[in-house]
Every structure is written in structure tokens, then in C-alpha cells.
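Trainee: Could you look at this predicted model? Sequence included:
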Amino acid sequence: MDWQGWALFGLVATSVLTAVMIAAQMAGLTRLDLPLVLGTLVTPDPDKARVAGFFIHLAAGQAFALGYAAVFALLGQATWWLGALLGLLHVAIALTVILPLLPGIHPRMASTRAGPTTTAVLEPPGILGLNYGIQTPAVAVVAHIIYGAVLGLLLGAR
């Protein structure tokens, strides 16, 4: 396994994914703000949450990159298209499992079942993240395909 490549390229791929998500949010394609959602797990202050969330997202991106690198090592190859396929699997799990379960553990997110509480400052993402906009799933799919393709391309070039 390419440990140096994983460490560097995981940061690069996560930065690209984050840039795509932020650009889509700024363009009005989605209201999903991953750094805010992740950061409000640890602090109620939105400005501090975005900073904390950025670093939480980088750490999560590194963990996922380790999984991608392990799959590449098991298969004996790393290509952009294989990375893109892994990105599709990654986003499918994120949109259908992780996001819908998030209100159950997030201290500052309303729940579709229980509704808002006095501490809830975020709306629940809903299935496929659709509560954050109709184009949110498409944005997430594109961002994760790019993430996987970047990882596969960079790790394959080493």
C-alpha cells in the first residue's frame, strides 16, 4: 500500500470534493454545507462550526481515502475510472444511509419524526439530502465521482 500517496492524495481529493461542494452551494445548486453540518456536532457557534467542520471533513476524507487505497491495493491497480466507481458506491452509502441517520446522533439537528427542539439549528437532510435542495443528490454524486477519480488517477500514477 502506498502510505505516502494515500496521505497526500487523500488531502488533495478531499480538498477538491470540498471545493466542488462549496462552489455548488455558492451557485445555488444545493444548501448542503458539510463543514457547518459536521462542525455543529461539536459547537453551536456557526463560525466556529465551519472551521471545526472543515477539519472534521478533512479527517473523514482521509479515512475514506484509506479505504479507497486499500481497495486499489487489493485489486492491484488504481485508475481514475475505478476510483469513480468507488465514488459512486461511497455517495450511495452517504446519501441513503449516513445522511438519513444523522438526525439520530446530531445534537443540533431537527428530526423528521420528533421535530425541532430548543437546541436544533439545522434541518434534517432527509433521504438523499433532498431537504437541502432538489439538486443536492446530483451535486453529491458529481463531487464523489470526482473525489474517487482524483484518488485513482493520483495513486495510479505513482
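Mentor: The structure has been received and is ready for your questions. Numbers count the residues shown, from 1 in each chain.
Trainee: use CA for all of it now, contacts and neighbours both
Mentor: Will do.
Trainee: list the contacts for Ala149?
Mentor: Residues counted as contacts of Ala149 (CA atoms under 8 Å, 6 or more residues apart in numbering) are 79-84, 87.
Trainee: Now the buried members of the residues you listed.
Mentor: Listed as buried from the contacts of Ala149 are 79-84, 87; burial here means 16 or more other CA atoms under 10 Å.
Trainee: Which two of those residues have the greatest separation?
Mentor: Distance extremes for those: the farthest pair is Thr79 and Gly87 at 12.2 Å, using CA to CA.
Trainee: Quick check: phi and psi on His57?
Mentor: Main-chain torsions, His57, degrees, to the nearest 10: phi -70, psi -40.
Trainee: what's the helix or strand for the nearest residue to it once chain neighbours are set aside?
Mentor: Counting by CA to CA, 6 or more residues apart in numbering, His57 lies nearest to Pro35, which is 6.7 Å off, once chain neighbours are set aside. Per DSSP states H and E: Pro35 is located in helix 34-39.
Trainee: which secondary structure elements does that helix contact?
Mentor: helix 46-75 (3 or more CA pairs under 8 Å, 6 or more residues apart in numbering; DSSP states H and E).
Trainee: so how far is the helix it packs on from its chain's centroid?
Mentor: Mean-position distance between helix 46-75 and its chain equals 8 Å (CA atoms, centre = their mean, to the nearest Å).
Trainee: and if you look at stretch 74-91?
Mentor: With CA atoms, centre = their mean, you get 16 Å for stretch 74-91.
Trainee: Also stretch 94-108?
Mentor: That offset, for stretch 94-108, works out to 12 Å (CA atoms, centre = their mean).
Trainee: rewinding a little: quick one: which of the contacts of Ala149 sit in strands?
Mentor: Residues of these located in strands (DSSP state E): none.
Trainee: Looking at those residues, which one is closest to Asp45?
Mentor: Of the contacts of Ala149, the one sitting nearest to Asp45 (CA to CA) turns out to be Gly87, at 31.5 Å.
Trainee: Quick check: Gly126 touching Pro100?
Mentor: Yes: applying CA atoms under 8 Å as the test, Gly126 and Pro100 come out as touching, 5.4 Å apart.
Trainee: I am finished for the moment; much appreciated.
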